[in-house]
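> Structure, please.
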Amino acid sequence: MDSREGIALQNQIYQLRQQLQAVQDQMARGGGGSGSRQPSYLPPPPQSGGSDLLAQLLTRVDSLEEQVRQLRGRIDETQNQLQRQNDDLGKRIDDLAFQMNPQNGALRGPSAPSSSQGPTSMPLVPPSPPRPPTAAGPTGPRPPELALQEGNAALGRRDYPAAEAAAREVLANRTSPRAYDAQFLLAQALAGERQFPQAAVAYDDVYNRARTGSHAQDARLGLASSLTAINEKKAACDVLGRMGSEFPAPAA
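As a prediction, this is how the structure comes out:
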């Protein structure tokens, strides 16, 4: 009942209850003396007495309380509809993950955990065909920052396989502090390679890693685009429809 409509109805009910109490007090005093003053918000009492006014106020209270009940019902219905859409979208994403990796797809878990805690599982997208290993430095693998820098440069020149390889190089280290950025790079690279089912799963993992992160809005748009590309248009519409509430102040 935090909406303006609900608050306004509750205020009206409170005022009407005050009016009822005032009328009842006046009737208990036998109509009040000449010095009693009628509240300015009450209509003039009818000649027949206060019983008609009391009945009118009771009718108004009942009407407003019915509006409150209807408003609560609409709120509950909206929440249930959003929950059903969320569950349906999560099932579709899990189905995509299972189709691409039947052995591990079921381990991916729901795609929509509670908003207070993000998932900790790594993305389960099928590995790409073997690629030539990236040359390592004299002391071992290159730093994740360098891998991401070269991966984003490859993405910019549309060398999607190289961008994907760089992203997977960073993601190979499960404790890497740049795993979030690497996951987003992987999703973009897969979309560029037109591997849209894998891209949809990767974009969904980006969003679930950090729902308010720097890539969250782009990940939702990328997920909707990838779902559209594989003809999952209803799921894509659900994603776009929920962005209004997920991001009240969207980026440009």
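> If you count neighbours, what's buried in the helix or strand bottoming out on mean pLDDT in the chain?
One helix or strand of the chain scores below all others by mean pLDDT, DSSP states H and E: helix 4-28, with a mean of 74. Buried residues in helix 4-28, defined by neighbour count with 16 or more other Cβ atoms under 10 Å: 9, 12-13, 16, 19-20, 22-23, 26. Any C-beta I mention is one placed from the backbone N, CA and C, and that applies to glycine too.
> Could I get the full set of strands for the stretch 151-252 of the chain?
Assigned strands in the stretch 151-252 of the chain: none (criterion: DSSP state E, counting those that start in this stretch).
> now the least confident helix or strand of the chain: how far from the chain's centre is it?
Remark: helix 4-28 is offset 37 Å from the chain centroid, using Cα atoms, centre = their mean, to the nearest Å.
> on that earlier part again, with respect to residue 175, which of the buried residues of helix 4-28 is nearest?
residue 9 (52.6 Å; Cβ to Cβ).
> Residue 232: neighbouring residues, count only.
23 (other Cβ atoms under 10 Å).
> Nearest residue to it in space, ignoring adjacent ones along the chain?
Once flanking residues are discounted, residue 232 sits nearest to residue 92: 6.1 Å by Cβ to Cβ, 6 or more residues apart in numbering.
> Is that neighbour within a helix or a strand, and which one?
helix 50-100 (DSSP states H and E).
> so what does that helix touch, helix or strand wise?
helix 4-28, helix 196-209, helix 233-246 (3 or more Cβ pairs under 8 Å, 6 or more residues apart in numbering; DSSP states H and E).
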